[in-house]
Every structure is written in C-alpha cells, then in structure tokens.
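>>> sequence-free structure coming up:
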C-alpha cells in the first residue's frame, strides 16, 4: 500500500508550481516546511491528502499570506482556488493557536500552576 496519494497533479504540473515558488523566492521555505512535517515536495505541491503533506502545504500558504500575498495570488502560484487557499490558511492558524495554547498549559503545569 502506498503512503502517498499524488494522483491529481501530474509531475509537469507540480514542476510548474515549483517553478512559481522558485521565481517568487519560496522554494527554500517549501523545502524546509516539507522536511519539518515529514512530507515530500511532490506531495506538498500536489494534491496529496496525507496529513504531513496537507500541514506542510497549509503552513506554506500561511507563510505566503503573512508576507502580503492575497489568497488569489497564492492560488495562482500553487494552482488552487482562492477559497481552498483561505481554508488552508485558517487551518494552519488554528493548529498554530492550539499548539501555542498547549505549550502555555504545559509551561504553567511545569511551574506548579493549575492546568
């Protein structure tokens, strides 16, 4: 059984997305995020629905938005609809807030406070 599902974007389409990221200066960020999440670049840039690929993809879109790109601009760069990009950015931010809250709870518990 395969561990990835890169069925919808062909290799040339993924290369086109990669070229767009290189041109805009996001290739290093994409590589780092894929590695951080344990995803492949192909899975992250394609339509792979494995958790690692999805989280890396959403984090990349969130980073791009934080640097001033609109969801429409991001969508054009990564071959996705702007609403898909917006949903992914919201998911990334929600995961980040949860992780920050969890870290704060753990820090408080380590200091002997109520959790």
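Arrived safely, thanks for sending. No experiment lies behind these values; they were computed from the predicted model shown.

>>> tell me which element the closest residue to residue 63 other than its chain neighbours is part of?
Leaving aside its chain neighbours, residue 63 sits nearest to residue 29 (5.8 Å; criterion: Cβ to Cβ, 6 or more residues apart in numbering). No exception for glycine: its C-beta is placed from N, CA and C like everyone else's. Of the helices and strands defined by DSSP states H and E, residue 29 is found in helix 27-37.

>>> what pLDDT, on average, does the helix or strand just after that helix get?
Toward the C-terminus, helix 27-37 is succeeded by helix 41-45 as the next helix or strand (DSSP H and E). The pLDDT scores in helix 41-45 average 93.

>>> packing partners for helix 41-45?
In terms of contacts (3 or more Cβ pairs under 8 Å, 6 or more residues apart in numbering; DSSP states H and E), helix 41-45 is packed against helix 11-24, helix 27-37, helix 51-66.

>>> re the thing from before, quick check, the residue nearest to residue 63 in contact with residue 62.
No. With contact defined as Cβ atoms under 8 Å, residue 29 and residue 62 do not form a contacting pair (10.7 Å).

>>> between those two, who's got more neighbours?
residue 62 (21 against 16; other Cβ atoms under 10 Å).

>>> now the chain, which segments are flagged as low pLDDT?
Within the chain, the segments meeting pLDDT under 70 span 1-9, 113-115.

>>> just the angle for the helix ranked longest in the chain relative to helix 51-66, thanks.
Criterion DSSP state H: the longest helix present in the chain is helix 82-110. Helix 82-110 and helix 51-66 are oriented at 100 degrees to each other (axes from the mean of the first three to the mean of the last three Cα atoms, to 10 degrees).
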